[in-house]
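*Asks:* here is a sequence together with a model predicted from it:
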Amino acid sequence: MTAAVSVFRDFVYKVSDKPLVEVLNNIKTGTYKTEIDKIRHLMSEGKEEETETLKKQLLGFTASGVFDNYRSSENLEVYTQFIILDIDKLSESELNRIIPVINVAPYTYACFISTRGKGVKFIVRVNSNVEQHKTVYNQVVDYYEQALNTVVDTSGSDYARLCFMSYDENCYINTEATIFEIQEEEKQTITESDANTNNHQQLSIVEILNKCEAFTNQKVEYHEGNRNNYIYLFSANACRFGVIEEDVYQYCIANFDLSEKEIKTTVRSAYKSNNADFAKFAKFANATVSEEVQNQDNQNLESLSLLTTTPTVPEDVYNSLPIIFQKGIEVLKTQREKDVFLTGALSILSGCLPNVLGLYGGKEVYPTLFSFLLAPAASGKGALTYAKMLADKYHQAVIQNSKDEEADYKKELEAQKQAKKYLKKGEEAPEEPTQPPFQVVYIPANTSNAKMIKHIEDNEGFGIICETEADTLGQTFKNDWGSYSDLLRKAYHHEKISISRKTNNEYFEIDNPRLSVVLSGTPNQILNIIQSAEDGLFSRFMFYVFASNPEWLDPSPKSNPVNLTEHFKHLSDEVYRMVRYLDNTVTNIHLSDAQWQKFNPLFDEYLFRIYNLVSKDATSVVKRLGLMVYRFCMIFTAIRKYEYQLKDTDLECTDQDFENALKLADVYLQHSILVFKNLPNNTTNMQFKPTSPKANFLKELPQEFSRKQAVTIGDKLKIKERTVDNYLAKLEQAGYLLKPKAGYYQKIMSL
């Protein structure tokens with residue numbers, strides 16, 4: 001039978017299953033020669049970034065497994081019994097030495113030069129099963145390291161590891177290669193004394209297992225059809241936390257409704273497969289669940305599934321927004337594209353409203369917003385480019401004006417120099433003209449702290465930072481000279497920025513900085529900008545997090561009758577006309593008494609809810625969300641002033657715009673809390689987990705109910721009876737439920 005492998009694009013999206021021999025022959029015959037030649041040419045010129053970009057566009061294959069849809073352990077359909085090894089960063093002479101040795105080894109099934117041309121990949125057939133993959137992988141590595149007298153890169157030990165396609169006309173293929181047989185290692189017996197050596201003094205076995213159960217609940221749910229899988233994962237986690245098999249078996253009998261025979265078989269299987277990982281997580285036993293180690297590949301793929309279901313902006317909001325927003329949205333096809341455009345446009349247009357201000361908390365505020373769009377690659381973040389186009393005409397006009405003023409300055413300077421040449425004795429030289437500031441609208445993110453301050457100073461405090469690749473800002477923040485995180489935090493609240501320069505002993509201040517910021521990127525890119533939820537920059541951003549299922553969009557003219565480039569150019573002209581109109585007079589915007597009466601109780605409830613159901617550390621999100629809502633109202637009202645050509649200098653937000661602002665706040669709050677709950681403390685990966693089941697449970701409860709009804713609702717939500725009782729107690733303690741008598745509850749507050 002011909003062995004098959006899975007082929008993927010963009011790392012995670014499955015293309016097809018193909019025979020491994022066919023994949024190898026494609027590498028040998030030059031199916032990917034054009035792309036590989038470009039990559040190797042760029043590599044030879046030292047263009048690492050361009051090389052990596054092209055490489056990521058290649059197809060890849062999983063030598064060790066056939067997968068269903070995505071690369072994850074849950075989606076493994078067939079373990080192929082192939083190991084792929086990698087030796088990288090080799091010189092040409094080292095390649096010439098190593099490859100012949102690999103090819104004569106009896107176990108080598110295939111060998112070819114890697115994508116960049118600076119390494120070698122080789123494949124070995126083994127006789128192990130999937131549970132033994134890591135063990136046999138290490139044994140194969142040991143064999144080849146001794147044979148080659150060199151070090152093998154072991155970062156590819158995962159059976160879901162992707163290998164990019166390559167080109168090597170001398171690709172070695174030997175389908176009759178000897179199968180590498182795994183050497184059985186002496187099995188470690190887990191005893192009571194082993195468990196006692198682990199650091200569990202602070203928690204009892206039951207408490208540790210409760211934490212393991214909570215940890216497992218983040219991964220999968222216990223329900224009909226998934227019970228064995230759930231208990232297997234739970235037992236594997238317990239093994240890693242250093243709990244002996246017998247204790248886990250007894251716990252499962254007491255807490256799960258599977259038969260004792262099935263539980264025993266499943267627990268034993270989990271311990272047998274994870275024997276080598278016993279007590280691996282013991283040091284985390286007394287930490288909170290969010291601090292526990294999670295499997296990177298599995299979690300990222302689960303994140304992809306989770307992010308496809310994040311909240312979207314309600315359709316009725318789109319139907320009642322100011323015309324500029326509606327014109328932008330009407331030509332976009334998908335819900336996610338519309339949401340991305342709106343999120344970006346809110347921040348872009350917040351930087352296009354000169355002389356617009358209001359009073360919030362007794363302080364003058366301006367409509368400027370910070371927004372951050374997070375999504376995996378190829379999910380539809382591209383709609384942000386259309387939002388960015390809205391301010392293009394404004395940007396071009398400001399730059400042209402700066403160039404004209406610079407040209408006039410140079411003429412005056414030249415005239416002054418010429419006049420000095422013909423001065424008579426005793427005559428005073430003409431005064432040198434003052435160089436005008438060079439103003440822009442869009443300020444590049446890859447700008448040093450000093451240059452950023454100069455831009456803001458020249459712009460008299462305003463500007464827009466818009467980057468469709470958040471890494472641009474992230475890389476800047478990594479440099480000692482580049483980070484201006486503190487400046488952004490101050491600018492959000494229009495706090496005075498003071499600068500002292502050694503040159504000429506200069507000291508100056510920028511009053512009321514008014515920066516708007518729009519960023520987009522993949523989830524991990526946020527970590528170079530906002531490393532934890534404790535960073536004050538986090539709560540200043542409104543987040544929109546999502547993923548889109550892979551879907552081919554017809555690019556033909558028939559399917560795309562609107563020239564989007566021209567459409568948004570016209571909208572950009574409209575925005576520039578609005579800028580000039582609003583620049584004529586100051587516009588003060590406020591809410592009505594009735595709107596404030598609705599605003600304050602709502603945010604008081606938000607604050608109480610987040611404090612009790614999420615974390616007290618997340619309350620800063622709610623506090624700044626209130627300011628965001630006020631700024632939404634300012635943006636909508638200022639644009640209405642232009643639409644209706646109003647002359648008023650004092651305007652009240654309409655009830656419709658106020659309601660839309662509140663609806664948007666609810667959407668963005670959910671996204672921000674999702675990011676908050678998943679920002680790591682000290683790690684390099686952004687890993688999304690589902691939101692709180694406790695909040696979902698509360699949402700489903702009626703106004704009055706009995707414990708029996710609550711258990712029934714919990715059952716529908718796949719929540720066990722014991723957990724339901726725990727939730728009821730906590731919700732009563734938090735003030736969400738009232739218990740008038742035993743076994744009966746009243747819901748005081750709703751989500």
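*Replies:* Cool, got the structure.

*Asks:* taking the mean pLDDT, what do you get for stretch 231-240?
*Replies:* Average pLDDT, stretch 231-240: 83.

*Asks:* could you list the low-pLDDT ranges of the stretch 451-600 of the chain?
*Replies:* The model of the stretch 451-600 of the chain has pLDDT under 70 over residues 475-483, 500-507, 550.

*Asks:* repeat that for 80
*Replies:* 451, 470-484, 498-509, 524, 528, 531-534, 548-553 (pLDDT under 80).

*Asks:* and the helices in it?
*Replies:* For the stretch 451-600 of the chain, the helices defined by DSSP state H, counting those that start in this stretch cover 471-478, 485-492, 564-582, 593-613.

*Asks:* what's the spacing between the residue nearest in space to the middle of the chain and I87?
*Replies:* Nearest to the geometric centre of the chain sits P523, at 1.5 Å (C-alpha atoms, centre = their mean). Counting by C-beta to C-beta, to the nearest Å, the gap from P523 to I87 is 31 Å. To be clear about C-beta, it is placed using only N, CA and C from the backbone, and glycine gets the same treatment.

*Asks:* OK, contacts around Q439?
*Replies:* The contact partners of Q439, taken as C-beta atoms under 8 Å, 6 or more residues apart in numbering, are V398, I399, N401, S402, D458, N459, E460.

*Asks:* now it: how far from G463?
*Replies:* For Q439, the distance to G463 - C-beta to C-beta - is 9 Å.

*Asks:* do the same with R268
*Replies:* For R268, the distance to G463 - C-beta to C-beta - is 64 Å.

*Asks:* who's more crowded, those two?
*Replies:* Neighbours were counted for R268 and for G463 using other C-beta atoms under 10 Å; G463 has more, 23 against 14.

*Asks:* show me the contacts for that one.
*Replies:* G351, V440, V441, Y442, I443, H455, I456, R514, L515, S516.

*Asks:* how about those residues in a markdown table, adding neighbour count and distance to C239?
*Replies:* Shown next, in a markdown table, are those (neighbours: other C-beta atoms under 10 Å; distance: C-beta to C-beta, whole Å):
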| residue | neighbour count | distance to C239 |
| --- | --- | --- |
| G351 | 28 | 54 |
| V440 | 16 | 59 |
| V441 | 23 | 58 |
| Y442 | 21 | 54 |
| I443 | 22 | 53 |
| H455 | 21 | 56 |
| I456 | 22 | 56 |
| R514 | 25 | 56 |
| L515 | 27 | 51 |
| S516 | 28 | 51 |
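
*Asks:* and which of those is nearest L473?
*Replies:* The closest of the contacts of G463 to L473 turns out to be I443 (C-beta to C-beta; 11.2 Å).

*Asks:* surely the closest one meets G461?
*Replies:* No: counting by C-beta atoms under 8 Å, I443 does not reach G461; the two are 11.9 Å apart.

*Asks:* now the residue lying closest to I529 once chain neighbours are set aside: how far from N528?
*Replies:* Spatial nearest neighbour of I529, chain neighbours left out: G474 (5.1 Å); criterion: C-beta to C-beta, 6 or more residues apart in numbering. For G474, the distance to N528 (C-beta to C-beta) stands at 3 Å.

*Asks:* pLDDT weak spots in the stretch 151-300 of the chain?
*Replies:* 151, 154-157, 183-208, 210-212, 214-220, 237, 240-243, 254, 273-300.

*Asks:* now do the helices in it.
*Replies:* 192-196, 205-217, 227-240, 245-255, 260-273, 296-307.

*Asks:* point out the most buried one among those helices.
*Replies:* helix 227-240 (a mean of 22; mean count of other C-beta atoms under 10 Å).

*Asks:* which residues does A491 contact?
*Replies:* A491 neighbours (C-beta under 8 Å, 6+ apart): T368, I456, I497, P513, R514, L515.

*Asks:* how close does it get to D88?
*Replies:* 44 Å.

*Asks:* also N75?
*Replies:* For N75, the distance to D88 (C-beta to C-beta) stands at 28 Å.

*Asks:* give me the number of residues near E534?
*Replies:* 12.

*Asks:* what's it in contact with, if anything?
*Replies:* With C-beta under 8 Å, 6+ apart, E534 has these contacts: D617.

*Asks:* rewinding a little: what about N75 and D88, which has more around it?
*Replies:* Between N75 and D88, counting by other C-beta under 10 Å, N75 is the more crowded of the two (17 against 14).

*Asks:* surely that one and F67 touch.
*Replies:* Yes: in this structure, N75 is within contact of F67 by C-beta under 8 Å, at 4.8 Å.

*Asks:* need the phi and psi values for the nearest residue to V365 once chain neighbours are set aside.
*Replies:* Excluding its sequence neighbours, the residue lying closest to V365 (C-beta to C-beta, 6+ apart) is G358, at 5.8 Å. When quoted as degrees, to the nearest 10, the phi and psi of G358 stand at phi -160, psi 180.

*Asks:* next, the contact list for G358, please.
*Replies:* Here G358 is in contact with E364, V365, P367, N588, I589, H590, Y630, M634 (C-beta under 8 Å, 6+ apart).
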